[in-house]
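Participant: the following block contains a protein sequence and its predicted model.
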Amino acid sequence: MAEVPSTFQLERGASAPPFSLIDGLGNAHSLDQLANERRAVVIAFVCNHCPYVVHLADAMAQCANHYLARGVQFVAISANDVANYPADAPDHMVGFAKEHGWEFPYLYDESQEVAKAYGAACTPDFYVFDADLKLAYAGQFDSSRPGRGDAVTGDDLRAALDSILDSGEGPEQPWIPSTGCNIKWKPGNAPDYF
C-alpha cells in the first residue's frame, strides 16, 4: 500500500466549505446543521477498506465520544469511487460505523466535490474547524501507522482540540500531515493538486 500525505490546500483560518451529503441510510446532513452550537467540528475523510482508517477507527470513536461532551462534532466523509471500490459503498458504511462504534455521521460524497473543496488527498485526512468554522488544524490523528505496532492514541488530534477548546486557537504550524491511502477518484475526476 502506498502512503500518500495530506496536501494542505486550505490555509489556517480558511472557512469550512459548506456541504449537504447523505449518510448510508439516505439521511441528509449539512455542515450548518452539524456545526450548530458546537465549539469545534472535526471533518475526517475516510473509507471502509483503507488499512490506515481501519487502524485508527476504534480510537477515532473513543476520541469523538470524549470530545462530544466538550462541544465537538465529528463527521466522517467517504468520497471513494464505489464503482471500482464497492466495499466503500454507502450500504457498507453503516456496518463499518457500527462495527467501530462511530456514533457520529458518516457521509457519502458521491460527486467527490466536497473532497476537492477541502483539498482531501488521503484516507484518513483530518480537518478541525473552530466555532466560527475557520480552519484551526489539519493534520494527522497521531504518529501511529498500520503494521508498526505503535499504540493508536490520537495525540495530535487531541492536542489540537484541547488547544482550540482551551484558548480558542489551534496549534501552531507546521502541522504534521496525515498519511494514508489516496482517495479513489473516479476516472477523469482527480483534482489538479493530486
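Facilitator: Alright, I've got the coordinates.

Participant: tell me the pLDDT at His49?
Facilitator: Turning to His49, the model gives it a pLDDT of 95.

Participant: what sits against it?
Facilitator: By CB atoms under 8 Å, 6 or more residues apart in numbering, the residues touching His49 are Tyr85, Ala87, Asp88. For the C-beta atoms, the positions are set from N, CA and C on the backbone; glycine is no exception.

Participant: which of these ranks first by neighbour count?
Facilitator: Counting neighbours by other CB atoms under 10 Å, the top entry in these is Asp88, with 22 neighbours.

Participant: tell me which stretches of the protein form strands.
Facilitator: Taking DSSP state E to define them, one finds strands in the chain at 4-5, 20-23, 28-30, 40-45, 72-78, 106-108, 122-123, 125-130, 135-139, 179-182.

Participant: which helices and strands does the last one pack with?
Facilitator: Contacting strand 179-182 under the criterion 3 or more CB pairs under 8 Å, 6 or more residues apart in numbering; DSSP states H and E are the following elements: strand 4-5, helix 51-68, strand 122-123.

Participant: buried stuff in the second one?
Facilitator: To tie it back to what came earlier, the one meant is helix 51-68. With burial defined by 16 or more other CB atoms under 10 Å, the residues of helix 51-68 counted as buried are Tyr52, Val53, Val54, His55, Leu56, Ala57, Ala59, Met60, Ala61, Cys63, Ala64, Tyr67.

Participant: using PDB, write out every CA atom in it.
Facilitator: Below are the C-alpha coordinates for helix 51-68, written out as PDB (Å, rounded to 0.1, in the frame of the first residue of the first chain):
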ATOM      1  CA  PRO A  51      -5.900  -0.100   6.300                       C
ATOM      2  CA  TYR A  52      -4.900   3.300   7.700                       C
ATOM      3  CA  VAL A  53      -8.500   4.100   8.500                       C
ATOM      4  CA  VAL A  54      -9.200   0.600   9.900                       C
ATOM      5  CA  HIS A  55      -6.000   1.000  12.100                       C
ATOM      6  CA  LEU A  56      -7.500   4.000  13.900                       C
ATOM      7  CA  ALA A  57     -11.200   3.500  13.600                       C
ATOM      8  CA  ASP A  58     -11.800   2.300  17.200                       C
ATOM      9  CA  ALA A  59      -9.600   5.100  18.600                       C
ATOM     10  CA  MET A  60     -11.500   7.600  16.500                       C
ATOM     11  CA  ALA A  61     -14.700   6.600  18.100                       C
ATOM     12  CA  GLN A  62     -13.200   6.900  21.600                       C
ATOM     13  CA  CYS A  63     -11.800  10.400  20.700                       C
ATOM     14  CA  ALA A  64     -15.200  11.500  19.300                       C
ATOM     15  CA  ASN A  65     -17.100  10.200  22.400                       C
ATOM     16  CA  HIS A  66     -14.700  12.000  24.700                       C
ATOM     17  CA  TYR A  67     -14.900  15.400  22.900                       C
ATOM     18  CA  LEU A  68     -18.700  15.300  22.200                       C
END
